[in-house]
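>>> need the 3D shape of this:
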Amino acid sequence: MAVLLLWIPAALSAQLKEPDSLVVAAERPGAYLPLLYGKKVGLVANQTSLVHEQHLVDYLLENGVQLKRVFAPEHGFRGMASAGEHITNGTDVKTGLPLISLYGKNKKPSAAQLDGLDIVVFDIQDVGARFYTYISTLSLVMDACAEAGVEVMVLDRPNPHGYYVDGPVLEPRHSSFVGMHPIPIVHGLTVGEYAKMVQGEGWLKSTKPLTLRVVPIHGYTHRTLYRLPVPPSPNLPNDTAIILYPSLCLFEGTNVSVGRGTNKPFQVIGAPYFTESSISFTPEDKTGAKNPKYEGKACKGHDLSLFAVFYLRGDESLYLNWLVQAYEIAPEKDAFFTSFFTLLAGTKKLQEQIEAGMTAAEIKAGWQPELTEYKQMRKKYLLYSED
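Below is the predicted model of the structure:
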């Protein structure tokens, strides 16, 4: 039986640059507050929506903005719900504002939920992977606002993976909430740039025009090294998990655990059937990780957190080797993939290539023509330098 090798990249690209004076859009009030005064405002926000250490909800209210309601994405307004967990509507205890969940059955704001609003502000920290659902929420909000004649303002934030583009481009027939539009897994866009692409490429379903405004980040380029000040969701608790996430999330469509229910989610991989391992772990049901894969079962596996350092140096690649090698050692090949894998990959082809025994290098070579075409399209929507 093959041994799972922890592949280390042979070469690294130019190092990322530490920011000199990076200021996220939410912390540039002069660029957006004057545009909100006199309007009835809705806000799409979560725990990452901060102005320094103050939540944007409180900041807008203190500055006289007529904030009428708050929309919360997957993981909820405070960001503690598990992936896929049903979120209910409610009221923000501190402000009394109505909270409307944009997860579960109500992923897209209804006409009634937008009624009376002049503008919806979107301010959520994304992590730059197609299957991270905050950008799907953004797309649906844009679509609903176009239908209702409501403006959309995006307060932009950096993309921690904004320095590279990689992975298969999604095929439209496999569109879902974990991948709505024909972009690669690592798309290399901030949320503001993504919003411009969704509008510019005509991906909105609404036939009505949308008024979109993006408030940019000051002092950011796509080579800026950005460490998120607040965990964007329960299972991405630190820089290491965020860095490894684009490469490890595909395992969510397999019978391999990525450490949900442990103290190292998206930093370890393993399963009870692994024969070679450097660590062992037992997933447990906990806040932010309800009913994790292999709950209560001992898993053998590998701690991949040490390899995050290569990304911090600016390596521009999605690591497919771990997935290919895990399939090679799986004793029951038919049980390795689940139907969710195709939705995460955005294509059926990736599973077929792995099952056919193709190497990671061979598979990645096949992505290049579509990635080249995507990168050309991407240039039209870039707000920040790539140097």
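>>> please enumerate the helices of the chain.
33-36, 56-62, 111-114, 134-148, 191-200, 239-248, 308-312, 321-329, 340-345, 349-355, 360-379 (DSSP state H).
>>> to H161, which of these lies closest?
helix 239-248 (6.2 Å; Cβ to Cβ). From N, CA and C alone the C-beta is placed, and that goes for glycine too.
>>> who are the packing partners of the closest one?
helix 308-312, helix 321-329 (3 or more Cβ pairs under 8 Å, 6 or more residues apart in numbering; DSSP states H and E).
>>> out of those helices, name the one with the poorest average pLDDT.
Among the helices and strands packed on helix 239-248, helix 308-312 carries the lowest mean pLDDT, a mean of 60.
>>> where are the low-confidence patches of the stretch 1-150 of the chain?
1-15, 74-89 (pLDDT under 70).
>>> that older thread, mean neighbour count and distance to I279 for the helices of the chain - can I get that in TSV?
Output for the helices of the chain, formatted as TSV (neighbours: other Cβ atoms under 10 Å; distance: least, Cβ to Cβ, whole Å):
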stretch	mean neighbour count	distance to I279
helix 33-36	14	49
helix 56-62	18	39
helix 111-114	14	46
helix 134-148	23	31
helix 191-200	22	35
helix 239-248	24	15
helix 308-312	17	16
helix 321-329	20	14
helix 340-345	21	24
helix 349-355	18	24
helix 360-379	14	23
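>>> with distance to K286 added, can I get these in CSV?
Converted to CSV, the helices of the chain look like this (distance: least, Cβ to Cβ, whole Å):
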stretch, distance to K286
helix 33-36, 39
helix 56-62, 27
helix 111-114, 32
helix 134-148, 23
helix 191-200, 29
helix 239-248, 15
helix 308-312, 23
helix 321-329, 24
helix 340-345, 22
helix 349-355, 30
helix 360-379, 33
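>>> pLDDT value on T254, please?
T254 is given a pLDDT of 98.
>>> what pLDDT does D156 get?
At D156, the pLDDT value in this model is 98.
>>> wait, what's in contact with the residue lying closest to it once chain neighbours are set aside?
Leaving aside its chain neighbours, D156 sits nearest to G192 (3.6 Å; criterion: Cβ to Cβ, 6 or more residues apart in numbering). By Cβ atoms under 8 Å, 6 or more residues apart in numbering, G192 lies in contact with A25, V154, D156, V214, V215, P216, L383.
>>> again with K375
V165, G188.
>>> what are the ranges of the strands in the protein?
Secondary structure of the chain (DSSP state E): strands at 40-45, 50-51, 54-55, 66-72, 90-91, 98-101, 119-123, 151-155, 166-169, 184-186, 212-215, 268-271, 279-281, 299-303.
>>> ok, which of those comes nearest L236?
strand 268-271 (13.7 Å).
>>> T190 contacts R157, doesn't it?
Yes - contact criterion Cβ atoms under 8 Å: T190 and R157 qualify, at 6.7 Å.
>>> okay, and the common contacts of those two?
What both T190 and R157 touch, as defined by Cβ under 8 Å, 6+ apart, is the set D126, I217.
>>> neighbour count winner among those two?
T190 (27 against 24; other Cβ atoms under 10 Å).
>>> residue closest to the middle of the chain?
Y132 (2.8 Å; Cα atoms, centre = their mean).
>>> ok, the nearest residue to it once chain neighbours are set aside - contacts?
Of all residues beyond its chain neighbours, the one nearest Y132 is D126 (6.3 Å), with distances taken as Cβ to Cβ, 6+ apart. D126 is in contact with Y132, Y134, I135, R157, N159, T190, V191, Y194, P232, counting by Cβ under 8 Å, 6+ apart.
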